[in-house]
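Trainee: following is a predicted model, sequence given first.
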Amino acid sequence: MKATRSRFGAPGFTLIELMIVVSIIGILAAIAIPKFADLIRKSREGKSKGGLGAIRSALTIYYSDMEGTFPSDDLSSLTIAGKYIAAIPKVTAPDYHPETSAVYNNATDGCNMLYTNDRGGWAYWSDDGTMCGAVGPFGTQRERTQGELWVGCVHTDMRGSFWTEY
């Protein structure tokens, strides 16, 4: 656009030109802001999935070192002297639960409590006794076995997958 001269002799833009620029910026912002919010949620979900993978790896190494024995109910034995993992990572189920590193287990909370309480945090299957499946508000859960770890949230992520199925 060619700058025009005002009656005072200084170059400038017309009011119409300025309004067009402001409206274009507004349209771009209206498109970008929701996408940015989705990226933040997606990164939080990725952080939780990464933490889940880290704990599962530590569980596998612990199981191998202890010759076929899984850790106790709260997974604190994984963090002793940082041998397996420095600290239990925090899990975030965006929009549903606050960030926490709490570990819930079937020995303390009972078989079905892990599925139906929907507290967030980590759910750890520590019992070597009988397996049990559960029916939650979202349908039938598969049976769990000793040493399994998952996210304790019955909601879905951005792709529609249940958090408990990770």
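Mentor: Okay, I see it.
Trainee: now do Val22 against Ala29, distance only.
Mentor: 10 Å (CB to CB, to the nearest Å). Using the backbone N, CA and C atoms, a C-beta is placed for each residue, glycine as well.
Trainee: what about Gly147, how many neighbours?
Mentor: Using other CB atoms under 10 Å, the number of residues around Gly147 comes to 17.
Trainee: how about it, nearest residue that isn't a chain neighbour?
Mentor: Phe70 (4.4 Å; CB to CB, 6 or more residues apart in numbering).
Trainee: what about the residue lying closest to Gly121 once chain neighbours are set aside, how many neighbours?
Mentor: Once flanking residues are discounted, Gly121 sits nearest to Ala102: 3.8 Å by CB to CB, 6+ apart. Ala102: 14 surrounding residues under other CB under 10 Å.
Trainee: and if you look at Cys153?
Mentor: Count around Cys153 with other CB under 10 Å applied: 24.
Trainee: now do the same contact list for the residue nearest the centre of the chain.
Mentor: Nearest to the mean C-alpha position of the chain, by CA atoms, centre = their mean, lies Glu45 at 3.2 Å. By CB atoms under 8 Å, 6 or more residues apart in numbering, Glu45 lies in contact with 92, 94, 157-158.
Trainee: hmm, which two among these are most spread apart?
Mentor: Thr92 and Met158 (12.9 Å; CB to CB).
Trainee: of the two, which one has the most company?
Mentor: Thr92 (21 against 12).
Trainee: distance from stretch 81-101 to the middle of the chain?
Mentor: 10 Å (CA atoms, centre = their mean, to the nearest Å).
Trainee: tell me the mean pLDDT over that stretch?
Mentor: The pLDDT scores in stretch 81-101 average 86.
Trainee: run through who's touching that stretch.
Mentor: Contact with stretch 81-101 is made by 41, 44-45, 47-48, 50-52, 54-55, 58, 61-62, 75, 78-79, 103, 118-122, 151-153, 155, 163, as judged by CB under 8 Å, 6+ apart.
Trainee: out of these, which end up buried?
Mentor: 44-45, 47-48, 51-52, 54-55, 58, 62, 75, 78-79, 103, 118-122, 151-153, 155, 163 (16 or more other CB atoms under 10 Å).
Trainee: narrow those residues to those in strands?
Mentor: 103, 122, 151 (DSSP state E).
Trainee: quick check: the last one touching Gly50?
Mentor: Pointing back at Val151 there. No: using CB atoms under 8 Å, Val151 makes no contact with Gly50, being 11.9 Å away.
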